[in-house]
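what follows is a predicted structure for the sequence shown.
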Amino acid sequence: MGGRSGDDGVTFSSPNAIAIDSLDNVYVTEFSGDRVQKFTSDGVLLTEWGGSGTDSGQFRRPTGIAIDRLDQVYVAENGNSRVQKSNSDGEWLATFGANGKGPGEFLSAMVVIVDAQDRVYVSDWGNHRVQVFSPLGEFVQKFDRPGTGPGQFQVLTSIAFDSQGNFYVSEVANHRIQRFSPSGEFLGEVAPGTLSNPHGLAFDSTGAFYVADTGNRVVRKYRVVDAE
């Protein structure tokens, strides 16, 4: 599936985020193409939507994508500082967020992820925080902690959940991954002093998780073991 840039539905222009629905269909955002393409697991194009712009259903530099239990699709936009929600066929359902520093606003929404209760977590790159929304886009809470100390954030790049609902945040500027309880309590740092510009995070079915350690040009695998 895919190739270089193009508009024929089987090639990509700067693909940068992937999500998979309950039927194993694959959704890909295109940072330069300002669209989402949806494929079967065998790479057959099913549909696409988007286009450059600021209207509902259009995108400017989409950087994150997530799918909830109803196969509804959430796309974070770096360029429009917002998140858009659609059904699995790309029909627009809602938009939330705007450019700014207040609750529910973003300075470049980068990554979006949905937890087991369908709460929507968004990494707010420019504001150095994580914000949480309901499935309807209603603001729930924010973890607004810019800085370099324990429990603080500086240029977030990815978010992931473990099986207990704890969430993990990777930070480019602080070269680390921090772990938090579902309520936002700081639980510790993973492998301190070993990472350089970490980006993507993902858990497998055994509870181990993988880190794209961009600065060191490696992928690392970890397992968190809580102290007794």
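That came through, no problem.

list of residues touching stretch 47-65?
For stretch 47-65, the external contacting residues (C-beta atoms under 8 Å, 6 or more residues apart in numbering) are 9, 16-19, 27-38, 73-80, 84, 86, 89-90, 92, 95, 109-113, 122-123. All C-beta atoms are positioned from the backbone trio N, CA, C, and that covers glycine.

these in helices, which ones?
Secondary structure from DSSP state H places none of the contacts of stretch 47-65 in helices.

tell me the contacts of T40?
So T40 contacts 24-26, 46 (C-beta under 8 Å, 6+ apart).

can you flag the buried ones in the contacts of stretch 47-65?
9, 16-17, 19, 27-31, 33-38, 73-80, 84, 86, 90, 95, 109-113, 122-123 (16 or more other C-beta atoms under 10 Å).

restricted to strands, list those.
16-17, 19, 27-30, 35-38, 73-77, 84, 86, 95, 109-113, 122-123 (DSSP state E).

spell out which two among the contacts of T40 are the most distant pair, please.
D24 and L46 (11.8 Å; C-beta to C-beta).

quick one: which of these two has more around it?
L46 (15 against 9; other C-beta atoms under 10 Å).

next, count neighbours for S108.
Neighbour tally, S108, other C-beta under 10 Å: 18.

what's it in contact with, if anything?
Neighbouring residues of S108 by C-beta under 8 Å, 6+ apart: 78, 81, 124-126.

what do you get if the cut-off is 7 Å, keeping everything else the same?
78, 81, 125-126 (C-beta atoms under 7 Å, 6 or more residues apart in numbering).

one more: G33?
12-14.

write the ChimeraX selection for whichever of those residues are buried.
Only the buried entries of these go into this ChimeraX selection, using 16+ other C-beta under 10 Å:
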select :12
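
want to throw the contacts of G33 into CSV with secondary structure?
Converted to CSV, the contacts of G33 look like this (DSSP: H, G, I helix; E, B strand; the rest coil):
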residue, secondary structure
F12, coil
S13, coil
S14, coil
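
measure T157 to N16 for me?
Distance, T157 to N16, using C-beta to C-beta, to the nearest Å: 12 Å.

er, L136 actually
With distances taken as C-beta to C-beta, L136 is found 26 Å from N16.

hmm, back to that, from the contacts of T40, which is closest to F180?
Once C-beta to C-beta is applied, the member of the contacts of T40 that ends up nearest F180 is V26, at 29.3 Å.

do I have it right that the closest one meets F39?
Yes: the criterion here is C-beta atoms under 7 Å, and V26 meets it with F39 at 4.7 Å.

okay, and the beta partners of the residue nearest the centre of the chain?
Nearest to the geometric centre of the chain sits V111, at 2.6 Å (C-alpha atoms, centre = their mean). Beta-bridge partners recorded for V111 (DSSP bridges): S123.

that one reaches Y121, doesn't it?
No: taking contacts as C-beta under 7 Å, V111 lies outside contact range of Y121: 8.2 Å.

what's the overlap in contacts for the two?
I159.

how about N99, what does it touch?
81, 105-107.

dump these to a markdown table, plus pLDDT and secondary structure.
Below are these laid out as a markdown table (pLDDT from 0 to 100; DSSP: H, G, I helix; E, B strand; the rest coil):
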| residue | pLDDT | secondary structure |
| --- | --- | --- |
| S81 | 95 | coil |
| E105 | 95 | coil |
| F106 | 94 | strand |
| L107 | 91 | coil |
